[in-house]
Structures are given as structure tokens and as C-alpha cells.
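>>> What follows is a predicted structure for the sequence shown.
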Amino acid sequence: MICTRIACRGVAVVMAAMFVVPVGGSAASASAADPSPSPSLSPATGAQDVLVPGAAPRPGVPWTVDTPDQALPPAVYTPSAREDAVEPREAVAGAYDRVEHVPLGDAVVRVACSKRTGPYQRQVERWLKLPVDGKQSAADCRAVRAFQVKHRIKPATGFAGPVTWATMQLLRARKNPNAAKKCPVRSYRVACVDLSRQLTWVQKGEKVVYGPVPMRSGRAGYRTRGGWHKVYWKHKNHVSTLYHQPMPYAQFFSGGQAFHAVYGTIYTTVGSMGCVNLRLGDARKLWGVLKTGDRVYVWGRRPGT
């Protein structure tokens with residue numbers, strides 16, 4: 001696997017955390033007006049503030065720091081009826097749990113209520129209708145913890161991290177994901193890929209026919225390409241020809257970039273290698289909604305890219 005500087009650094013952090021985070025936790029799994037997240041690494045505390053998954057992995061559900069995707073356009077062919085009849089294997093239980101990324105120092109001691117300011121502190125405060133000062137307080141922690149418990153985000157320590165904020169954005173988008181009119185309305189189906197909010201949905205006219213669902217797009221250096229695209233090939237049991245990793249329910253729309261499922265959490269601080277990663281159930285449903293020739297529109301920018 002090609003190891004970029006960002007990917008290698010992520011591996012180093014996770015390897016360090018694997019030796020210090022106690023085992024026994026659960027499985028790993030902005031609106032335009034909101035500012036970018038604040039840095040997670042503080043000069044005063046150093047590695048203590050590096051964000052790591054707040055629950056330890058278990059066999060079959062590893063921490064995901066990299067997502068092998070198809071780098072080059074695949075060899076297009078017509079799958080046989082026998083091949084197409086095979087459904088991709090199911091994900092293991094807990095693969096898509098919402099596991100928050102917390103400071104390494106908090107993960108080591110398993111704090112009950114974090115005193116640390118999260119990278120999405122202001123956004124989370126605004127969502128919860130708390131005083132918006134960008135600083136963690138005891139009241140903030142209690143409110144964030146209550147939200148995390150309600151939405152099964154683990155560990156519920158009140159830290160305003162990326163998974164908590166992503167969950168809030170998904171909830172806000174459910175009523176009308178295209179409220180900001182960023183995805184063009186057409187008489188035909190359009191698969192909308194919002195890189196800024198890490199959400200995707202399909203609309204026909206103004207009617208949403210799929211989603212919105214959370215997704216993970218390309219990391220820095222491997223950004224999911226913006227603009228108009230077209231679904232040009234669907235392959236239910238695709239395997240990456242570069243990394244030899246499964247890409248179930250793959251629907252290619254730009255070279256080697258495709259919608260496809262992954263068998264681990266999509267809530268990672270490191271993005272994919274360009275594809276739009278989905279949970280297996282979401283990818284399976286999207287497979288039944290999109291057809292070859294359907295249009296895809298991508299806009300925005302994934303945080304950190």
C-alpha cells in the first residue's frame with residue numbers, strides 16, 4: 001500500500017494508542033457559516049491532544065486509518081448472471097458503531113467528562129443552544145454527553161469531536177438536505193455528494209429518493225473530484241485491482257472513483273483514497289436506486305483537505 005505522510009502519521013498514532021488504551025470498549029466503527037475545526041494538537045500538551053478512536057478495537061473490527069480504493073479506472077465488463085447473483089458478505093457486528101475520536105490523554109485514563117475543548121466546540125455549542133464561546137465547560141460537557149448517549153456515540157465523555165458533529169449535521173440534513181440549493185435540481189436523478197458535510201443523497205427534481213446518509217470522501221492529495229460525473233459502471237463484487245481489497249456495491253462515476261461500501265467505520269479523521277465510502281446497508285440501497293448513466297454532482301471540500 002502507498003503510505004502517504006498523513007497516512008503514516010495516522011498509523012503511528014493508532015499503533016501508539018493500541019498499547020495504552022484499555023481493552024474492553026465497544027467496536028470501532030458544517031454548515032457553510034460554521035468555521036473550520038480548530039487544531040487538535042496543542043503545543044502545550046503535545047501528543048496528549050492527538051485524536052484517537054475512543055474505544056478499543058476487537059478481532060474483526062480494527063481501527064481504520066486507511067481505505068484502499070481503486071486508483072485507476074477498472075476494466076469494464078458485463079458480469080455474468082451467476083456473478084451478479086452473489087451478494088457481498090455482511091459486515092461484522094459493531095463495524096459501523098459511532099466511535100468518537102478523543103484526545104489520547106482522555107482515552108488513556110478513560111475520563112468520565114472531558115475538560116478539553118474539542119475541534120468542533122463552537123459548532124456543537126451552537127447546535128445544542130449553549131453559550132457559544134468555543135471553550136469547554138462543565139455545563140457544555142454535560143449537554144454534549146447527553147447528546148452522545150442519546151445517539152449511541154461512544155465513549156460519551158462530552159468531547160466535541162468529529163463524530164458528534166457529523167451526527168448533528170446528518171440530523172439537520174434529514175428534513176431537507178438540499179436546503180442550501182448546492183446540488184442542482186434536475187428532472188432526472190442526481191446523486192449529490194456534499195464533501196463539506198460528508199453527506200450524500202439522491203434527488204429527482206426536488207424530491208429526495210435516497211438518503212441523506214453519512215459518507216467518507218477522499219483525503220488530502222486524493223480528493224474526490226468535484227463537478228458533474230456520470231455512473232458509467234456498476235460492479236457488485238468489485239475488488240480493487242491496486243490494493244486487492246473488496247469494494248462491494250461499487251458504482252464508478254469518475255475514473256477509479258466510485259460509491260462503494262467498506263467493512264469498517266467511515267468516521268475516520270483520515271479520508272479515503274478518492275472514493276465515496278458508505279456503510280454496507282447504505283451502499284446496498286444506493287445500488288438499487290442508481291442506474292448506469294445517472295448523473296453525480298460533487299461539491300465542497302472535506303475538512304482537512
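Thanks, I have it.
>>> mind checking pLDDT for Glu90?
The confidence metric pLDDT takes the value 96 at Glu90.
>>> do the same with Pro37
With respect to pLDDT, Pro37 has a value of 43.
>>> Could you do the one 3 residues further on as well?
What the model reports as pLDDT for Ser40 is 39.
>>> Next: Lys129.
At Lys129, pLDDT is 98.
>>> Quick check: it vs Phe147, distance?
11 Å (C-beta to C-beta, to the nearest Å). Every residue, glycine included, has its C-beta placed from N, CA and C.
>>> Have a look at these two and say which one is more surrounded.
Between Lys129 and Phe147, Phe147 has the larger neighbour count (other C-beta atoms under 10 Å), namely 19 against 8.
>>> Am I right that the more buried one falls within a helix?
Yes: with DSSP: H, G, I helix; E, B strand; the rest coil as the criterion, Phe147 is located in a helix.
>>> any weak-confidence spans in the protein?
Within the chain, the ranges that satisfy pLDDT under 70 run 1-48, 56-69.
>>> One more pass at 50, please.
Across the chain, residues meeting the criterion (pLDDT under 50) sit at 1-45, 65.
>>> just the helices in it please.
In the chain, the helices defined using DSSP state H lie at 5-18, 81-84, 104-109, 121-127, 138-150, 162-173, 280-289.
>>> Of all these, which one is nearest Ala191?
Counting by C-beta to C-beta, Ala191 lies closest to helix 280-289 out of those; the figure is 7.8 Å.
>>> All the strands of the protein, residue numbers only.
Ranges of strands within the chain are 51-53, 98-99, 101-103, 153-154, 189-194, 199-204, 207-214, 227-230, 233-239, 246-254, 257-261, 276-278, 295-299, based on DSSP state E.
>>> The first one - contacts with which helices or strands?
Counting contacts by 3 or more C-beta pairs under 8 Å, 6 or more residues apart in numbering; DSSP states H and E, the secondary-structure elements packed against strand 51-53 are helix 5-18, strand 101-103, helix 104-109.
>>> Pull the contacting residues for Thr269.
If a contact means C-beta atoms under 8 Å, 6 or more residues apart in numbering, then Thr269 has Gly10, Leu51, His101, Pro162, Gly304 as its contacts.
>>> give me that answer again for 6 Å
His101 (C-beta atoms under 6 Å, 6 or more residues apart in numbering).
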